[in-house]
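[1] sequence plus predicted model, see below.
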Amino acid sequence: MNKKTHFFFVLLLVVSTISIGLSQQIPQYSQYLINDYVLNPAIGGSKNYFEAKSNHRFQWVGITDAPRTFILSINGPLKKKNMGVGGYIFTDVTGPTNRFGAYFSYAYHIKLNSELKLGMGLFGGIMQYNIDGSKISLLDKADPLIGKNIESITIPDAGFGLYGYTDRFFLGISIPQLLQNKLKINDTTQIQGRLKSHVLIMTGYRFEAGNDFEFEPSILLKTVSPVPIQFDISTKIYYQKMIWIGASYRTHDAMSALLGYVYKEQLLIGYSFDFTTSNLKNYSDGTHEIMLGIRFENNKSSSTASQKGLVN
């Protein structure tokens, strides 16, 4: 067993036994502002068009069985009723463990004044957690903790969010895993975990910088007890609403470089690379993430659509 494989095997055992209760449990990705709906159901329907987006994340390249995450989302407005609907699925695979989630959302939007709107939204769905015991080798072959079969549990899940926004400003708060359900993989052991509610707060503002450029700083705060608060501090520069470059810093984890392009105001492609700053930097070659999106235009004359384009 080489150094990288040994290190990750030890890490995986820790994650498999205690992370359900003691760490961040929601999928992590660097281009969160490009697919922000996944973090907050109140964002669904806040734009004047339906859109579908996907994230493909390959984390900690160079480490055996490192996490791989896939997210696919779609959302849009029911304009006559001031409502938004949508849904998303995700898979998160780490060695012999994997999670799958499927969620639907509903949001209601109200106008607070001539510029400011408020969205209120709910996510509801299921989360499945699996462990493939055949992929784990234990020193004690008789250990009852993990069998050789695929152990699985499926539970309901829900989340809530609020989102205040104008054409250039946003401030949102969301609470995923609201139900805090218990997880017990099998009946041979009393060990069990629990989904814990997270609190996510994000805000940002887009400034004009001449006729062709825009500048957007933003912050995402993530907290779940008893893990230290984590911040994503990002900034992006847009050129003619078609091209953007940016950088992000995630405390206790990584720095990211971001790049993206919008084709004919309907197709989006984005890429980010994370430079690991934690102790994993000695074993990892970084993290790659690819973002793809498509917008289904409803009203090209909409001021919201023309201001925000596809990149929010």
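    Looks like it arrived, so ask away.
[2] ok, so what distance separates the residue nearest to Ser225 when sequence neighbours are not counted from Gln177?
    Spatial nearest neighbour of Ser225, excluding adjacent residues (Cβ to Cβ, 6 or more residues apart in numbering): Lys196 at 7.0 Å. The C-beta positions use only the backbone N, C-alpha and C, and glycine is treated the same way. Distance of Lys196 to Gln177, given as Cβ to Cβ, to the nearest Å: 6 Å.
[3] please apply the same query to Gly87.
    As judged by Cβ to Cβ, Gly87 and Gln177 stand 17 Å apart.
[4] tell me the mean pLDDT for stretch 130-150?
    Mean per-residue pLDDT for stretch 130-150: 66.
[5] same question but for stretch 268-275, I mixed them up
    Rounded mean pLDDT across stretch 268-275 is 94.
[6] centre of the chain to that stretch, how far?
    14 Å (Cα atoms, centre = their mean, to the nearest Å).
[7] flag every buried residue along it.
    Buried residues in stretch 268-275, counted by 16 or more other Cβ atoms under 10 Å: 268, 270, 272-274.
[8] please save the CA atoms from that stretch in PDB.
    Below are the C-alpha coordinates for stretch 268-275, written out as PDB (Å, rounded to 0.1, in the frame of the first residue of the first chain):
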ATOM      1  CA  LEU A 268     -22.700  28.200 -20.300                       C
ATOM      2  CA  ILE A 269     -19.500  26.500 -19.600                       C
ATOM      3  CA  GLY A 270     -17.300  27.100 -16.500                       C
ATOM      4  CA  TYR A 271     -14.200  25.600 -15.000                       C
ATOM      5  CA  SER A 272     -12.500  25.900 -11.700                       C
ATOM      6  CA  PHE A 273      -9.300  24.500 -10.200                       C
ATOM      7  CA  ASP A 274      -8.800  24.300  -6.400                       C
ATOM      8  CA  PHE A 275      -5.300  24.600  -4.900                       C
END
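[9] got the phi/psi numbers for the residue nearest to Ser225?
    The phi/psi pair for Lys196 (degrees, to the nearest 10) reads phi -110, psi 140.
[10] surely it meets Leu179?
    No. Proximity of Lys196 to Leu179 does not meet the contact threshold set by Cβ atoms under 8 Å, at 10.6 Å.
[11] before we move on, the earlier item: distance of the residue nearest to Ser225 from Tyr88?
    Distance from Lys196 to Tyr88, by Cβ to Cβ: 20 Å.
[12] the more surrounded of these two?
    Tyr88 (24 against 19; other Cβ atoms under 10 Å).
[13] who's in contact with that one?
    Counting by Cβ atoms under 8 Å, 6 or more residues apart in numbering, Tyr88 touches 37-38, 71-74, 102-103.
[14] mind redoing it with 7 Å?
    By Cβ atoms under 7 Å, 6 or more residues apart in numbering, the contact set of Tyr88 is 38, 71-73, 103.
[15] by neighbours, which of the residues you listed wins?
    Highest neighbour count within the contacts of Tyr88, by other Cβ under 10 Å: Val38, with 26 neighbours.
[16] that's a helix at that residue, yeah?
    Yes. Using DSSP: H, G, I helix; E, B strand; the rest coil, the assignment for Val38 is a helix.
[17] what about Asp253, how many neighbours?
    Number of residues near Asp253 (other Cβ under 10 Å) recorded here: 17.
[18] for Asn279, see how far away it is.
    As judged by Cβ to Cβ, Asp253 and Asn279 stand 11 Å apart.
[19] how about Thr97?
    From Thr97 to Asn279 the distance is 21 Å (Cβ to Cβ).
[20] now Gly101
    From Gly101 to Asn279 the distance is 29 Å (Cβ to Cβ).
[21] comparing these two, which residue is more hemmed in?
    Neighbours per residue (other Cβ under 10 Å) separate Gly101 from Asn279, with Gly101 holding more: 20 against 9.
[22] the more buried one bridge partners, please.
    Using DSSP bridges, the bridge partners assigned to Gly101 are Phe90, Met127.
[23] I'd say it and Met127 touch.
    Yes. Distance between Gly101 and Met127: 4.6 Å, which falls inside the contact criterion (Cβ atoms under 7 Å).
[24] mutual contacts of these two, please.
    Jointly contacting Gly101 and Met127 under the rule Cβ under 7 Å, 6+ apart are Asp157.
[25] what is the neighbour count of Leu178?
    17.
[26] hey, what's the nearest residue to it once chain neighbours are set aside bridged with?
    Residue nearest to Leu178 in three dimensions, not counting chain neighbours: Ala158, with 4.7 Å by Cβ to Cβ, 6+ apart. Beta-bridge pairing for Ala158 (DSSP bridges): Gly124.
[27] so who does Ala158 touch?
    Per Cβ under 7 Å, 6+ apart, neighbours of Ala158: 122-124, 178-179.
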